[in-house]
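Participant: Predicted structure and sequence below. I'll ask about it afterward.
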Amino acid sequence: MIFLNKEKKWLMNTSEETTKMVLTDIQAIRQEVLAAVVKSQKRLTPGELEKRLSQKFTAEKDALKTAIRNLVADQELVYTYNFGCSFLEKSFNKPVRISKRIILKPPHTLYRPISDEVVIEIQPGASFGSGEHPTTRLAIRGIEQALSKKEFSQKGVDIQALDIGTGSGVLAIVAVSLGVKRVLGIDIDPCARAEAKENVKLNNLENRIEIHDRNIEKIDHKFSLITANLRYPTLKQLYSHITKITDKGSSFVVSGIKTNEVSDLLNIFTQKYFRCIRQESEKGWAGLVFER
C-alpha cells in the first residue's frame, strides 16, 4: 500500500518487502543528496552516491541526477578528480568558523581576523579536513581544550605532537598555530600525504610540521599531544601503543567515532592510564579528549 502526504512531497511504500520513502519533491531530494555527501566518512563517486541513496528512498526518473546537477551549479557540491575517478564532495569556497578562535578558509579568499582569531588556509582536496565534517570540527575544538591546560601553557613552545592519519594535515596545522613547537603527521595514503604537505607549505609551516608514512609501531618518541581522527576499530587497536608514547600529563584528542561507540572507547582508555576530560557530540559523531 502507498500513502501520499498532503504536500505531495513523499509517499510511503508499506509493502511486505520493504518500507521505503518515495520522494517526489526536488528540494527534499536535494536535501537528502547533500546530507549523504556531508555525513559520509569517505569520498563518494556519483555512482556510489546514487546507490547509497537508492537504498534509502526511491525517486522519479532522473530526479536524483537533476538534484546533483543543481547542487553543483549552486556551488554546494563540487566534483573532484583523483586517479581517473570523479567524486562528489561538499564545496569549500568560503571561510568556515570551527570555533570561537579557529577559522578555516580556502586560498585566495579574504578574511580579516579579529582579536585572537587564528586563520588557517586549507586547499580543497581529496582528504577530509575543510571543516565541513563534524569529526574535523570536534577534533579541532578538542585540540583547543587540550592546549588550554595549565601544564601545556607552562611548557609553551616545547610541546611536541603526533597526528595519526593526518589526512589534509589540518589538525597538525591547528596544533602548531595554537603554540605546539613541532608536529609529526603520519598517513599511509600517499595522496593524503601530498595534500598535507601542500597545506603545510600554504601556511608556511614546513620547518615545524613533518609529514611522513612512518609506521606508528616504529615510533618510540614521547609526545605531549596526540591527535587521531579515526574510526573506532583503529582507535581500539592503537590503545596499547598510545600508552607507550605518552607520559603523565599528555593529552590524546580523538574524533571519528559514532556516539554509540563512546562508551566502549571510554572503557578501553580509562581502564588504567587515561581519564576523559572532554566529551562532545555533533550529528551522531563524537569527540573526546583524554589526559594521562
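Facilitator: Done, it's in. As the structure is a prediction and not an experimental result, all values here were calculated from the model.

Participant: make it CA atoms for all contacts and neighbour counts henceforth
Facilitator: Noted.

Participant: Can you report phi and psi for Lys248?
Facilitator: Main-chain torsions, Lys248, degrees, to the nearest 10: phi -60, psi 130.

Participant: isn't it right next to Arg292, touching?
Facilitator: Yes. If you go by CA atoms under 8 Å, Lys248 and Arg292 touch, sitting 5.1 Å apart.

Participant: what are the ranges of the strands in the stretch 1-150 of the chain?
Facilitator: Using DSSP state E, counting those that start in this stretch, the strands of the stretch 1-150 of the chain run over 2-4, 10-13, 20-23, 57-59, 77-82, 85-90, 96-97, 102-105, 118-121.

Participant: Out of those, point me to the one whose mean pLDDT is lowest.
Facilitator: The minimum mean pLDDT among the strands of the stretch 1-150 of the chain belongs to strand 2-4 (a mean of 44).

Participant: on that earlier part again, higher neighbour count, Lys248 and Arg292?
Facilitator: Comparing Lys248 with Arg292 by neighbour count (other CA atoms under 10 Å), the higher total belongs to Arg292, at 18 against 10.

Participant: dump the residue contacts of the closest residue in space to the more buried one that isn't next to it in sequence.
Facilitator: Leaving out its chain neighbours, the residue that sits closest to Arg292 by CA to CA, 6 or more residues apart in numbering is Phe274, at 4.5 Å. Taking CA atoms under 8 Å, 6 or more residues apart in numbering as the criterion, Phe274 is in contact with 290-292.

Participant: Likewise for Ser91?
Facilitator: Neighbours of Ser91 in contact, by CA under 8 Å, 6+ apart: 75-78, 124.

Participant: For stretch 200-219, buried residues please.
Facilitator: For stretch 200-219, the neighbour count (16 or more other CA atoms under 10 Å) marks 200, 205, 208-212, 216 as buried.

Participant: Please identify which of these is nearest to Lys283.
Facilitator: Of all the buried residues of stretch 200-219, Val200 has the smallest distance to Lys283: 28.9 Å, by CA to CA.

Participant: Make sure I have this right: that closest one is in a helix.
Facilitator: Yes. The assignment for Val200 is a helix, going by DSSP: H, G, I helix; E, B strand; the rest coil.

Participant: Not counting sequence-adjacent ones, nearest residue to it?
Facilitator: Glu206 (5.9 Å).
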